[in-house]
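1. sharing a model that was predicted from the sequence below.
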Amino acid sequence: MGSCKVPYGVLLLYFFVGNFFVPQCLAIGVDANQTALLLVNASKELGRPIPKTLFGIFFEEINHAGAGGLWAELVSNRGFEAGGPNVPSNIDPWSIIGDDFSLIVSTDRSSCFERNKVALRMEVLCGSEGTAICPAGGVGVYNPGFWGMNILKGKTYKVVLYVRSSGAINVSVSLMGSDGLQTLSTANIIASASEVSNWTKMEVLLKANATNPNSRLQLTTTRKGVIWFDQVSAMPLDTYKGHGFRSELVEMLADLKPRFFRFPGGCFVEGEWLRNAFRWKATVGPWEERPGHFGDVWMYWTDDGLGYYEFLQLAEDLGTLPIWVFNNGVSHNDQVDTSSVIPFVQEALDGIEFARGDPNSTWGSIRAAMGHPEPFDLRYVAIGNEDCGKKNYRGNYLKFYSAINKTYPDIKMISNCDGSSRALDHPAHFYDFHIYTSANNLFSLAHQFDNTSRDGPKAFVSEYAVTGKDAGKGSLLAALAEAAFLIGIEKNSDVVEMASYAPLFVNANDRRWNPDAIVFDSSQQYGTPSYWVQRFFTESSGATVLHTTLKSNTSTSLIASAITWEDSDFDKTYLKIKVVNFGSNQVNLKISVDGMEHNLIQLSGSTKTVLTSSNLMDENSFQEPTKVKPAKTLLENAGKDMDVILPPHSFTSFDLLTESSDLRTMATDTFSRSSY
């Protein structure tokens, strides 16, 4: 048997005749009329390379995403600074083990660290002999971490603390269950008076003999006297690449194959007031010396163990490009006049030098001293966040732009002002576009960039998501609308250079924002449907977007795109077709691929992946972490011409393996690997 190539015009004629001149007796049931035709032209001439940076991730310190999340530090308020610089101070969440007759706990400003002077003073009134005998387990303090420490059997945890005393000490450092009854691991710090008469750094390794996701760290003693503690840290040894990040959370990011990493915010960069904005210089150097700060937008303390250096390190560990967002002298409630903004400009220049400078430069030497003599690959900076409407933004922006362009002409700068509808009135390499809206509206915004000018700066869609009642805590409905929006971005990737979902993380114990891509607590995590949508686009960056034509006799509930991408690990090339069915009816879709040689699509090795569920508002949870997750199966009828079924409310990807090198992506790199 033979076959021949059917011209587009004939296919369209077949489609319209088949749908509008079929005898009524053949149109049985509602679904019979839900038909559509997708024409894909896979010719190289009509294909267009997608930017290698198209899809990435955006991290903001919100929802305890970093403190108590991505950053693996187990101790909350490790330096006792969260209550402020004055004493007496609130030491929450530290709590006392003992009573008023055995122990007096207070704070004073006696620390050896100049930028965080508050220390914990513990006066032990009982002892191991005499009239006031300490309880068998001793007295002291404990820290429950961030809603419980997850301690795993067989794992080793490094505890670091600074101690000073007026006499000899014998302090038990223990990992315990939340009630203080189960001992998971313990070690003693024993020192003479002369050894601890001044502040002394102590380290112990604790190997857990059991698992408890709701544990705590205890410091106890049965020796009478006065002991001071400061900068108490506990971290697992097996962090991601040994750099202090919670491995299972970073691995979920790595699975997204992000091409850029935007950080550290978001509103976190601005602050409600400038005095509480993230200032990078306070977050570098030894962790013990970092003062920490109160994030007054999301209303919690961060010790800034996760600082500027760590963000750059994580970008490098993920093999992605860092995008640094810095404060431009504007917060939510106050702002610096343009005539006085130069110190902020210098701080940004110093920050770029820290990332990129020679190890002998002023700030590059600090980076080198932290363990990274080679420069980081910083190519992009964002001048502020969502500040375009502020009085001083444009004036301040121009000061930053001029100074950075003069000193670092290769750095690409991102304006907060939206240039998708009209041209910017100031120079920029990219403009920032943020959108949080309903599902229907975001679905319609798949065409947002169809008519955007192709001249001038490119778009950076750095924050997008469905929010409100459509989203819940992460619904299928929200994910489908976002999938349609991303297809629109993919098809308009000649004018959209980068895109990232927001927010990325939420600790289930501190939901400041709904929804989020990844939900976690101390011991478990899962991806929302929105997270899984992003997994569909991991091959798009650096691929080739193809010309497609979608025709439907029903509604505008469909949107589709097609790309070719190369799996360099296995030297295979795929034609990937993605289709969102936003409607409530099943659709019979005919796919026809033209512009490639006969029989190039292999039956073996082609797959179909579908994201759907029985209810539009279905969500994942700790109880059902994969309730809404893509299902991948072999595609039995893979070929140039296919009749496929699109379930209602679904996102489907057809990955067609091609057998010739004739169909190749126009831009490939080492990131290309299969999504699932």
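-> The structure has been received and is ready for your questions.

2. element containing D387?
-> Here D387 sits in a region with no helix or strand, counting by DSSP states H and E.

3. give me the pLDDT value at it.
-> We have a pLDDT of 97 for D387.

4. over to S3?
-> Per-residue pLDDT puts S3 at 34.

5. same question, E463
-> pLDDT, E463: 98.

6. who's it bridged to?
-> For E463, the beta-bridge partners under DSSP bridges are H434.

7. residue contacts, it?
-> F58, G266, H434, I435, Y436, S500, Y501, A502 (Cβ atoms under 8 Å, 6 or more residues apart in numbering). C-beta here means a position set from N, CA and C on the backbone, and glycine is covered the same way.

8. redo that, cut-off 7 Å
-> Contacts of E463 were listed using Cβ atoms under 7 Å, 6 or more residues apart in numbering, and they are F58, H434, A502.

9. could you identify which of those has the most neighbours?
-> Of all the contacts of E463, the highest neighbour tally under other Cβ atoms under 10 Å goes to F58, namely 25 neighbours.

10. that residue contacts L504, doesn't it?
-> Yes - assessed by Cβ atoms under 7 Å, F58 is found in contact with L504 at 6.2 Å.

11. for S523, give me the pLDDT.
-> pLDDT recorded at S523 is 97.

12. next, count neighbours for it.
-> The number of residues packed near S523 is 17, by other Cβ under 10 Å.

13. now do the strands in the stretch 401-550 of the chain.
-> 412-415, 430-437, 458-466, 496-499, 505-507, 518-520, 525-527, 544-545, 547-552 (DSSP state E, counting those that start in this stretch).

14. tabulate these (CSV), appending distance to R223.
-> Shown next, in CSV, are those (distance: least, Cβ to Cβ, whole Å):
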stretch, distance to R223
strand 412-415, 57
strand 430-437, 56
strand 458-466, 54
strand 496-499, 58
strand 505-507, 37
strand 518-520, 39
strand 525-527, 41
strand 544-545, 70
strand 547-552, 76
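
15. pLDDT below threshold where in the stretch 1-150 of the chain?
-> When residues are selected by pLDDT under 70, those of the stretch 1-150 of the chain lie in 1-33.

16. next up, the contacts around A403.
-> Neighbours of A403 in contact, by Cβ under 7 Å, 6+ apart: V345, L349.

17. distance-wise, check it relative to R367.
-> Per Cβ to Cβ, to the nearest Å, A403 is found 21 Å from R367.

18. over to N276?
-> 25 Å.

19. and E61, by the same measure?
-> Distance of E61 to R367, computed by Cβ to Cβ: 21 Å.

20. which one of the two has more residues nearby?
-> With neighbours defined as other Cβ under 10 Å, E61 and R367 compare such that E61 has more, 28 against 24.

21. that one is in contact with G295, isn't it?
-> Yes - using Cβ under 7 Å, E61 makes contact with G295 at a distance of 6.1 Å.

22. which neighbours do the two have in common?
-> With Cβ under 7 Å, 6+ apart, E61 and G295 have common neighbours F268, T302.

23. may I see the buried residues of stretch 294-312?
-> Within stretch 294-312, the residues that count as buried by 16 or more other Cβ atoms under 10 Å are 294-298, 300-312.

24. now, the residues you listed that are in helices?
-> Those of the buried residues of stretch 294-312 mapping onto helices are Y308, Y309, E310, F311, L312, per DSSP state H.

25. so what's the first one up against?
-> For Y308, the contact set (Cβ under 7 Å, 6+ apart) comprises W280, T283, V284, G351.

26. quick one: mean pLDDT for the helix or strand harbouring F654?
-> Here F654, judged by DSSP H and E, is contained in strand 650-658. Across strand 650-658, the average pLDDT comes to 95.

27. SS state for the residue nearest to V232 when sequence neighbours are not counted?
-> Closest residue to V232 apart from its sequence neighbours, by Cβ to Cβ, 6 or more residues apart in numbering: L161 at 4.4 Å. Under DSSP: H, G, I helix; E, B strand; the rest coil, the three-state class of L161 is strand.

28. and the lengthiest strand in the chain, what does it pack against?
-> In the chain, assigned by DSSP state E, the strand with the most residues is strand 225-236. Contact here means 3 or more Cβ pairs under 7 Å, 6 or more residues apart in numbering; DSSP states H and E; on that basis strand 225-236 packs against strand 119-124, strand 156-165, strand 212-221.

29. could you say which of the ones you listed is packed most deeply?
-> Highest mean neighbour count among the helices and strands packed on strand 225-236 (mean count of other Cβ atoms under 10 Å): strand 212-221, with a mean of 23.

30. helices or strands next to that one in the packing?
-> Applying 3+ Cβ pairs under 7 Å, 6+ apart, one finds that strand 212-221 contacts strand 139-143, strand 149-151, strand 169-177, strand 225-236.

31. brilliant, that's me finished.
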